[in-house]
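[1] coords please:
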Amino acid sequence: MLDEIWKPLASVMALVAAVAGALLLHGLVYQLASRTSGAIEAAIVRHSRRPLQLLLALIGALLFLPVLQVTSEAQEVMRRGLALGIIGTVGWAVTALLGIIDDLIAARFPMNARDNLSARALQTRIRVFKSIGIAAIAVITVSAMLMTFPSIRQLGVSLLASAGLATLVVGMAGRSALANLIAGLQIALTQPIRLDDVLVIEGEWGRVEEITNGFVVVRIWDSRTLVVPLSYFVERPIENWTRTGSDILATVSVHADYTIPIEAVRRRLKEILAESLHWDRRAWSLQVTDATERTVELRALMSAGDSSTAWELRCEVREKLVEFLQRFYPESLPHARATIQVVAGAPSQREGQSSTAAEK
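    Here you go, the predicted structure:
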């Protein structure tokens, strides 16, 4: 009687001890790894801790499964469940490996540098290929799990053989998954846009925040989010301010009267730029770009290191130029002119009305 109770209990205790030992070993290894300050160790701990923890626990349980005092049918069900868990966890671990590679490249090539064109190009490729890889890993993992069942093994083989086609299922609702995948590959290879690029799209100014295998997330200047399908960027024209570099030329237009002293405004613009912290000292100019029947248009051109700085510089120059005109040349601000010419000997309107009344 005691043997019938003790044997199953001992089996369960052995299984628990195996799982606890695996988790303890995992905890000790990651405790040592977390004490280091390297980027590689930090990325490994952040991404692989959970999947490896579960994988070691499942492997430990599978190794001690034969010593369990249970029926063969129950042991087969448990073995099948553990095998499915291990396959799924391996897929999770491989996905974590892609995350580790992404983090290492982001640490090696940060995008917060002033000239970050090469870093943005590399990280864009990595993010797109990572998204496609995750979809492919999911299809392969599901196929491998199906192949553990003899009755539906053929279905798993068919799904595995068509893994490239199955990855095309991911995409935006109402859009062709094939078009999005091809667009993603085009963006990764030809790079019409990159991460952290400044775009004008649908009349909105924003910065590329994320690129997935289905859409692009653009953060608008007022903190709104614009989600755009990938196929949009290969089918329609877009305005990319940072395609070849982060530096940019900014312009400010001011309308003034024809009496405006252009040379004085040009000297004032030079002083404003010399005092500004937003000007990168590369280029500047002031030109008359238009002349209408009432005003002339002065265009101030100046360079800035990036689009955000250019926006601040434009606002600063515009405000100070308007203040300069208001203070020193108020007569040169736009205004309407009218010339009244009185012809000698012609009766005025009042005199004409009086003579008409006298005749009546």
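[2] any idea how far Leu185 is from Leu321?
    Separation of Leu321 from Leu185 (Cβ to Cβ, to the nearest Å): 47 Å. In short, each C-beta sits where N, CA and C put it, glycine included.
[3] ok, the two, which is more surrounded?
    Per other Cβ atoms under 10 Å, whichever of Leu321 and Leu185 has more neighbours is Leu321, with 20 against 16.
[4] ok, the residue lying closest to Lys320 once chain neighbours are set aside - contacts?
    Closest residue to Lys320 apart from its sequence neighbours, by Cβ to Cβ, 6 or more residues apart in numbering: Ile272 at 4.9 Å. Residues near Ile272 by Cβ atoms under 8 Å, 6 or more residues apart in numbering: Glu316, Val317, Lys320, Leu321.
[5] Which helix in the protein has the most residues?
    For the chain, the helix that runs over the most residues, judged by DSSP state H, is helix 72-108.
[6] Give me the helices and strands touching the next helix or strand after that one, please.
    Using DSSP states H and E, the helix or strand that follows helix 72-108 towards the C-terminus is helix 117-146. Other helices and strands packing on helix 117-146, by 3 or more Cβ pairs under 8 Å, 6 or more residues apart in numbering; DSSP states H and E, are helix 72-108, helix 153-161, helix 163-166, helix 177-190, strand 204-211.
[7] Compare the mean pLDDT across these and name the weakest.
    For those, the weakest mean pLDDT is recorded on helix 163-166, namely a mean of 49.
[8] So which elements touch the helix or strand harbouring Arg327?
    Assigned by DSSP H and E, Arg327 belongs to helix 307-328. Under the contact definition 3+ Cβ pairs under 8 Å, 6+ apart, helix 307-328 sits against strand 248-256, helix 262-275, strand 296-304.
[9] Could you say which of those is packed most deeply?
    strand 296-304 (a mean of 20; mean count of other Cβ atoms under 10 Å).
[10] Need the helices and strands packed on helix 117-146 in TSV (columns: distance to Asp247).
    Below are the helices and strands packed on helix 117-146 laid out as TSV (distance: least, Cβ to Cβ, whole Å):
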stretch	distance to Asp247
helix 72-108	23
helix 153-161	49
helix 163-166	41
helix 177-190	22
strand 204-211	16
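[11] Quickly note the distance from the residue most central in space within the chain to Ile187.
    Nearest to the geometric centre of the chain sits Glu209, at 1.5 Å (Cα atoms, centre = their mean). Taking Cβ to Cβ as the measure, Glu209 falls 15 Å from Ile187.
[12] again with Ala57
    Relative to Ile187, and taking Cβ to Cβ, Ala57 is found at 40 Å.
[13] Looking at the helices and strands packed on helix 117-146, which is nearest to Gly133?
    Gly133 sits nearest to helix 72-108 of all the helices and strands packed on helix 117-146, at 5.4 Å, using Cβ to Cβ.
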